[in-house]
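**Q** next come a sequence and a model predicted from it.
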Amino acid sequence: MLQSVVVGAGQAGLSAAHHLLRMGLRAWEDVVVLDANAAPGGAWQHRWDTLTMADVHGVAALPDDDAPPTSGERANVVVPAVFGDYEDRFGLPVLRPVRVERVAGDGDLLHVTGAGRSWRTRTLVNATGTWERPFVPHYPGAGTFTGRQLHTQGYRGPEEFAGLHVVVVGGGLSAVQILAEVSEVATTTWVTRREPVWRTTPFTPAEGRAAVALVQDRVRRGLPPQSVVSVTGLMLREQEHAAAQRGVYRRLPMFERVEPDGVVWADGTRQPADVILWATGFRPDVGHLGPLGLRTPEGGIQLDGTTAVRDRRVQLVGYGPSASTIGANRAGRVAARGVLRSLGRAAA
């Protein structure tokens with residue numbers, strides 16, 4: 001029997017595991033980390049090749065470590081190498097590849113199953129993030145489109161769209177980044193459900209805390225979480241200014257339907273397209289927690305800090321306000337303390 005199972009070895013999972021060991025639990029004997037990927041790096045290893053360390057707004061340092069430097073190197077190479085080295089140096093008990101399929105109550109214990117194996121544990125830290133649950137909204141006629149449709153999860157770089165017309169749907173940072181580079185080789189149309197809110201000045205610490213507090217309030221009330229950027233707005237980085245000057249960020253409202261050769265608005269305006277790229281975000285990857293009945297009638301998981309209100313043996317990190325590298329580190333420490341409280345132990 002384990003004292004805690006951590007599900008996921010991205011930033012949040014590694015942070016939680018590190019703090020659990022620092023607080024006195026033993027690797028492999030008390031704690032194991034189950035990671036669905038075959039190699040270290042979490043979702044970072046799956047990002048597109050043109051995303052560099054200069055594009056990702058900085059990656060926060062893992063606990064007791066240094067942050068990787070900003071550079072022109074590929075993020076999907078640098079960050080996995082950093083995570084793998086961190087696992088080795090701190091002796092984190094990561095077992096992979098293990099995709100957790102189900103977590104259920106088993107008396108006083110939790111029963112975790114995946115990859116043909118099972119574990120019994122007194123507590124669980126869920127750090128599965130969102131990468132495996134891309135969200136694509138339904139629009140009439142989408143199934144008739146004869147061009148290519150993809151989500152940002154499957155985006156690998158702009159070269160494959162050279163000479164085509166690409167409709168990019170979505171109002172977040174990924175849409176802005178992808179539009180900038182795709183527009184260098186293709187024509188583009190940008191479509192969002194709401195008018196984007198642009199910022200021209202960096203966030204102050206107070207503004208950042210206020211934005212996170214809004215997301216925290218939602219999960220505290222059991223509502224589905226929103227991304228922090230949905231309440232902070234968008235800010236162009238230096239590498240995107242050229243795209244802005246080309247008029248790439250002239251946004252159109254959402255189309256009404258999709259036709260075989262493009263998209264159509266309510267007034268009958270048509271835009272022929274070769275590609276529809278859905279930069280429409282992700283949803284929390286928590287389906288394996290379904291047997292625990294953690295969801296509220298509003299559709300979210302109510303949290304007290306990182307503790308699931310409906311089953312206090314369970315901690316959620318990388319969920320809602322902690323779905324960023326900085327937030328994930330802080331949440332990892334809070335979750336480790338929550339685990340020890342559930343175990344009736346004091347931190348060493």
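**A** It's in.
**Q** now do the contacts for the residue lying closest to Pro69 once chain neighbours are set aside.
**A** Counting by C-beta to C-beta, 6 or more residues apart in numbering, Met53 is the residue found nearest to Pro69 once chain neighbours are left out, at 7.0 Å. C-beta here means a position set from N, CA and C on the backbone, and glycine is covered the same way. By C-beta atoms under 8 Å, 6 or more residues apart in numbering, the contact set of Met53 is 59, 68-75, 78-79.
**Q** among those residues, who's most crowded?
**A** With neighbours taken as other C-beta atoms under 10 Å, the top of these is Val79, carrying 25 neighbours.
**Q** if I read this right, it contacts Trp44, doesn't it?
**A** Yes. Between Val79 and Trp44 there is a contact under C-beta atoms under 8 Å: 3.9 Å.
**Q** next, the residue lying closest to Asp65 once chain neighbours are set aside: secondary structure please.
**A** Excluding the flanking residues, the one nearest Asp65 by C-beta to C-beta, 6+ apart is Tyr86, at 6.0 Å. Secondary structure for Tyr86, judged by DSSP: H, G, I helix; E, B strand; the rest coil, is helix.
**Q** how much space between Tyr86 and Val77?
**A** Distance, Tyr86 to Val77, by C-beta to C-beta, to the nearest Å: 15 Å.
**Q** export whichever helix in the chain runs longest as CSV, just CAs?
**A** The residue-count maximum for a helix in the chain (DSSP state H) belongs to helix 325-343. Output in CSV follows, covering the C-alpha atoms of helix 325-343 (Å, rounded to 0.1, in the frame of the first residue of the first chain):
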residue,chain,number,x,y,z
THR,A,325,4.3,26.7,-14.7
ILE,A,326,4.4,29.2,-11.8
GLY,A,327,1.0,28.2,-10.5
ALA,A,328,1.9,24.5,-10.8
ASN,A,329,5.0,24.9,-8.6
ARG,A,330,3.0,26.6,-5.8
ALA,A,331,0.2,24.1,-6.1
GLY,A,332,2.6,21.2,-5.9
ARG,A,333,3.8,22.4,-2.5
VAL,A,334,0.2,23.0,-1.3
ALA,A,335,-0.9,19.6,-2.5
ALA,A,336,2.0,17.9,-0.7
ARG,A,337,0.9,19.6,2.5
GLY,A,338,-2.7,18.4,1.8
VAL,A,339,-1.5,14.9,1.4
LEU,A,340,0.3,14.9,4.8
ARG,A,341,-2.8,16.4,6.5
SER,A,342,-4.9,13.6,5.0
LEU,A,343,-2.3,11.1,6.3
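**Q** packing partners of it?
**A** Helices and strands touching helix 325-343, by 3 or more C-beta pairs under 8 Å, 6 or more residues apart in numbering; DSSP states H and E, are helix 11-22, strand 124-126, strand 314-316.
**Q** and the angle from the first one to helix 325-343?
**A** By that I understand helix 11-22. Note on geometry: by axes from the mean of the first three to the mean of the last three C-alpha atoms, to 10 degrees, helix 11-22 and helix 325-343 are set 40 degrees apart in direction.
**Q** could you point out which element follows helix 11-22?
**A** Downstream of helix 11-22, the next assigned helix or strand under DSSP states H and E is strand 31-34.
**Q** picking up where we left off before, more neighbours: which of Tyr86 and Val77?
**A** Between Tyr86 and Val77, Tyr86 has the larger neighbour count (other C-beta under 10 Å), namely 21 against 16.
**Q** tell me where the stretch 51-200 of the chain has strands.
**A** 94-95, 100-106, 109-114, 117-121, 124-126, 148-151, 165-169, 187-192 (DSSP state E, counting those that start in this stretch).
**Q** scratch that, the stretch 201-348 of the chain is what I was asking about
**A** Under DSSP E, counting those that start in this stretch, the stretch 201-348 of the chain gives strands at 251-253, 257-259, 262-264, 270-272, 275-278, 303-304, 307-308, 314-316.
**Q** quick one: mean pLDDT for the fifth one?
**A** The pLDDT scores in strand 275-278 average 98.
**Q** nearest residue to the middle of this structure?
**A** Thr130 (4.2 Å; C-alpha atoms, centre = their mean).
**Q** can you give me the neighbour number for the closest residue to that residue other than its chain neighbours?
**A** Of all residues not flanking Thr130 in the chain, Phe282 sits nearest, at 3.5 Å (C-beta to C-beta, 6+ apart). The number of residues packed near Phe282 is 19, by other C-beta under 10 Å.
**Q** quick check: Phe282 vs Leu150, distance?
**A** For Phe282 relative to Leu150 (C-beta to C-beta), the value is 14 Å.
**Q** fine by me, thanks again.
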